[in-house]
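1. structure here, sequence nowhere to be found:
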């Protein structure tokens, strides 16, 4: 199974953009790139996903490299509420099972 | 927010006792999942269901059984709880099995086995 690599932690200032990187050099052509986040004491929350093209939604943007070996989750203006662990996950198999790695802990400073 | 509830939200039980956790959804989604989350392991899939009475094992299914008699309910049973099953349990739902479909998670159940 293709694996993802993320930094353990990142810091950001409130109201500034945040770019969270994810490497997935062994991604296959049918793998989707999903991002979830988990706020303290809560269940994971879906953020965004994509296959090949960049994607935007109300929460974030997903920028996918042309060779698909890396992607970046972009939070346009970080708020204190965005402090969470962000997981980059590849999905491809029937049953849509998610395999969570360690994720990136994002800290947002006021 | 997706309509997913879990009950109970917190439970303390003794080793050897049976425990059933319930996940209830109001979204009419076909797929339902049970995960557990432990420090240092992230979330791991226990069992999942792809329809009423249709279930399959996940990564860490030993010691757990599941049942789904209605679309909206997915039950996770620990037949004889052990201390290693102390964890936070999350239920999730998905509209479809396709890799391009997202999952929505419940608030979790914190289970402590003493």
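-> Thanks, I have the structure now. Keep in mind that what you see is a predicted model, and the values were worked out from it rather than measured.

2. which positions in chain B make contact with chain A?
-> With the criterion set to Cβ under 8 Å from any Cβ of the partner chain, chain B comes near chain A through B:31, B:33, B:35, B:42-45, B:48, B:50, B:56, B:58, B:90, B:92, B:94, B:96-108. The C-beta positions use only the backbone N, C-alpha and C, and glycine is treated the same way.

3. please spell out the ChimeraX selection for the buried subset of those residues.
-> The following ChimeraX line selects those of the residues of chain B next to chain A that are buried, judged by 16 or more other Cβ atoms under 10 Å in any protein chain shown:
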select /B:31,33,35,42,43,44,45,48,50,58,90,92,94,99,101,102,103,104,105,106,108
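
4. tell me the bridge partners for the most centrally placed residue in chain B.
-> In chain B, the residue lying closest to the centroid (Cα atoms, centre = their mean) is residue B:34, at 2.7 Å. Counting by DSSP bridges, residue B:34 is bridged to residue B:47, residue B:91.

5. so, low pLDDT: which residues of chain A?
-> A:1-2, A:93-96 (pLDDT under 70).

6. show me where it has strands.
-> Using DSSP state E, the strands of chain A run over residues A:9-13, A:18-23, A:32-38, A:45-50, A:55-56, A:61-64, A:70-75, A:84-91, A:104-109.

7. how about the contacts made by residue 78?
-> I'll assume chain A. A:12-18, A:106, A:108 (Cβ atoms under 8 Å, 6 or more residues apart in numbering or on different chains).

8. chain B is the one I meant
-> Per Cβ under 8 Å, 6+ apart, neighbours of residue B:78: B:18-20, B:63-64, B:85, B:111.

9. redo that, cut-off 7 Å
-> Going by Cβ atoms under 7 Å, 6 or more residues apart in numbering or on different chains, residue B:78 touches B:18-19, B:63-64, B:85.

10. buried among those? Make that a ChimeraX selection.
-> Selection of buried members from the contacts of residue B:78 for ChimeraX, criterion 16+ other Cβ under 10 Å:
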select /B:19,64,85
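
11. looking at the contacts of residue B:78, which are in strands?
-> Short answer: the contacts of residue B:78 in strands (DSSP E) are B:19, B:64.

12. closest one to chain B out of the contacts of residue A:78, please.
-> residue A:106 (16.1 Å; Cβ to the nearest Cβ).

13. tell me what that closest one is bridged to.
-> residue A:10, residue A:84.

14. that one contacts residue A:10, doesn't it?
-> Yes. Using Cβ atoms under 7 Å, residue A:106 makes contact with residue A:10 at a distance of 5.4 Å.

15. assess the claim that residue B:51 and residue B:29 are in contact.
-> No. When contacts are counted by Cβ under 7 Å, residue B:51 is not listed as touching residue B:29 (10.6 Å).
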